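**Q** Would you be able to build a 3D model of this:
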Amino acid sequence: MTNASLVYRKGPGAADPALFPPEIIVAVKALACQLPKQLGVPFSRFTHDEIARQAEKHGIVASISGKTVWRWLSKDAIRPWCYRSWIWPRDPDFQPKAGRVLDLYQGIWEGKPLSSHDFVISSDEKTSIQARRRIAPVTAPTAGRYGRVEHEYERMGALAYMAAWDVRQAKVFGLCRDSTGIASFHDLVDLVMRQEPYRSAHRVFWVTDNGSSHRGQTSIDRLKRWYPNAIQVHTPIHASWLNQVEIYFSVLQRKVLTPNDFESLDELANRILSFQTEYEKVSRPFEWKFTREDLKKLLSRFVEEQKLAA
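**A** The predicted structure follows:
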């Protein structure tokens, strides 16, 4: 079927979507599912009005409104004007590495249930947290008006926040340092492992990413030397979403660091550590529902999408 044969000229009262044949609707949806550059258009994404103009330009329909296009697309949740950032799995051992982490969240290690003397710690660092002193004071909200934060600020320095989240006990440990590194990570490990119940635990699993502070087999061996009952488990490369402490960091970002208004690095550090104490009073283990089976389905979908894109 050619574009010419799909041209449909509306008559009086043609605003009713029922007057458009199904093949027209399908053709417009197919157009919306293409990238603008594939059509030779210098846009990064389409709006519904632009899709309507493209439908007319390509002879799919003689005349159509953006509102009608929006109504058709909304039925299938097609939103060409929206996008999300994404990192495709690049680790050749992504599935086995991710599977081990997901097993730990389900209370399993190497096919066997964890005991009450085993603990799972999710650890990472939030780097380069700036202390920004606003040029004018932040004002509180009043009736009918938002609180106001001055746009301009003075930089008062930056620090790194090292944190460890006990996945099963919902306990959080943390410290602030000038920078990250092996020494800072060692301090965090000491903070956790020198107190009970971790000191006398059977095993303490440390889930970390592949940052320079705790990368590779060297880090695994080093942690074992520090504490014989500690086992480091790396997430795959580019898989921070598998590290539960990132959820805690997102809460910290919303509740403490936004808006950013601190007179000094000392105030920033004190606020972070005070929040850590308050958060632990009301925290519960995160309801982690993503399993090995979910991972398998997700990776299978990636493979199919890559085949389609090839």
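**Q** C-alpha coordinates for the helix or strand hosting residue 73, CSV please?
**A** Assigned by DSSP states H and E, residue 73 falls within helix 66-75. Only the C-alpha atoms of helix 66-75 are listed here, as CSV (Å, rounded to 0.1, in the frame of the first residue of the first chain):
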residue,chain,number,x,y,z
GLY,A,66,-2.1,17.4,17.0
LYS,A,67,-4.8,16.8,19.5
THR,A,68,-6.1,13.8,17.5
VAL,A,69,-2.6,12.4,17.2
TRP,A,70,-2.2,12.8,21.0
ARG,A,71,-5.5,10.9,21.6
TRP,A,72,-4.4,8.0,19.4
LEU,A,73,-0.9,7.7,21.0
SER,A,74,-2.1,8.0,24.5
LYS,A,75,-4.2,4.8,24.1
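**Q** tally of neighbours for the residue nearest to residue 208 when sequence neighbours are not counted?
**A** Among residues not flanking residue 208 along the chain, residue 214 sits closest, at 4.6 Å (CB to CB, 6 or more residues apart in numbering). (Glycine included, C-beta is placed from N, CA and C.) As a burial measure, residue 214 scores 25 neighbours (other CB atoms under 10 Å).
**Q** Residue 214 against residue 183, yeah?
**A** No. Using CB atoms under 8 Å as the test, residue 214 is too far from residue 183 to be in contact (11.8 Å).
**Q** And for residue 87, nearest residue in space, chain neighbours not counted?
**A** residue 238 (4.6 Å).
**Q** whoops, residue 101 was the one
**A** Among residues not flanking residue 101 along the chain, residue 242 sits closest, at 5.1 Å (CB to CB, 6+ apart).
**Q** what's the neighbour count on that neighbour?
**A** Neighbour count for residue 242, taken as other CB under 10 Å: 19.
**Q** check contacts around it.
**A** By CB atoms under 8 Å, 6 or more residues apart in numbering, the contact set of residue 242 is 98, 101, 102, 207, 235, 236.
**Q** The stretch 1-150 of the chain: strands as residue ranges?
**A** 108-109, 112-113, 118-134 (DSSP state E, counting those that start in this stretch).
**Q** Distance-wise, check the closest residue to residue 177 other than its chain neighbours relative to residue 97.
**A** The shortest distance from residue 177 to any non-neighbouring residue, by CB to CB, 6+ apart, is to residue 184 (4.5 Å). Separation of residue 184 from residue 97 (CB to CB, to the nearest Å): 24 Å.
**Q** that's a strand at residue 163, yeah?
**A** Yes. Under DSSP: H, G, I helix; E, B strand; the rest coil, residue 163 sits within a strand.
**Q** what's across from it in the sheet?
**A** residue 124, residue 174 (DSSP bridges).
**Q** among the contacts of residue 242, who's most crowded?
**A** Counting neighbours by other CB under 10 Å, residue 207 leads the contacts of residue 242 with 25 neighbours.
**Q** For the residue lying closest to residue 147 once chain neighbours are set aside, what are phi and psi?
**A** Distances taken as CB to CB, 6+ apart place residue 141 nearest to residue 147, at 4.2 Å, with adjacent residues excluded. Backbone torsions for residue 141, taken as degrees, to the nearest 10, come to phi -70, psi 150.
**Q** Give me the neighbour count for residue 141.
**A** 9.
**Q** what pLDDT does it get?
**A** Turning to residue 141, the model gives it a pLDDT of 93.
**Q** With residue 83 instead?
**A** 89.
**Q** Return the member of the contacts of residue 242 nearest to residue 226.
**A** residue 207 (16.4 Å; CB to CB).
**Q** Assign a three-state SS to that closest one, would you?
**A** Under the three-state scheme (three-state DSSP), residue 207 adopts strand.
**Q** Any idea what it is bridged to?
**A** Bridge pairing for residue 207 (DSSP bridges) gives the partners residue 122, residue 233.
**Q** and residue 7, what pLDDT?
**A** On the pLDDT scale, residue 7 gets 46.
**Q** Assign residue 285 to helix, strand or coil.
**A** Of the three states, residue 285 takes coil under three-state DSSP.
**Q** pretty sure it contacts residue 167?
**A** Yes. If you go by CB under 8 Å, residue 285 and residue 167 touch, sitting 6.6 Å apart.
**Q** more neighbours, the two?
**A** For residue 285 and residue 167, the more surrounded residue by other CB under 10 Å is residue 167, and the numbers stand at 20 against 14.
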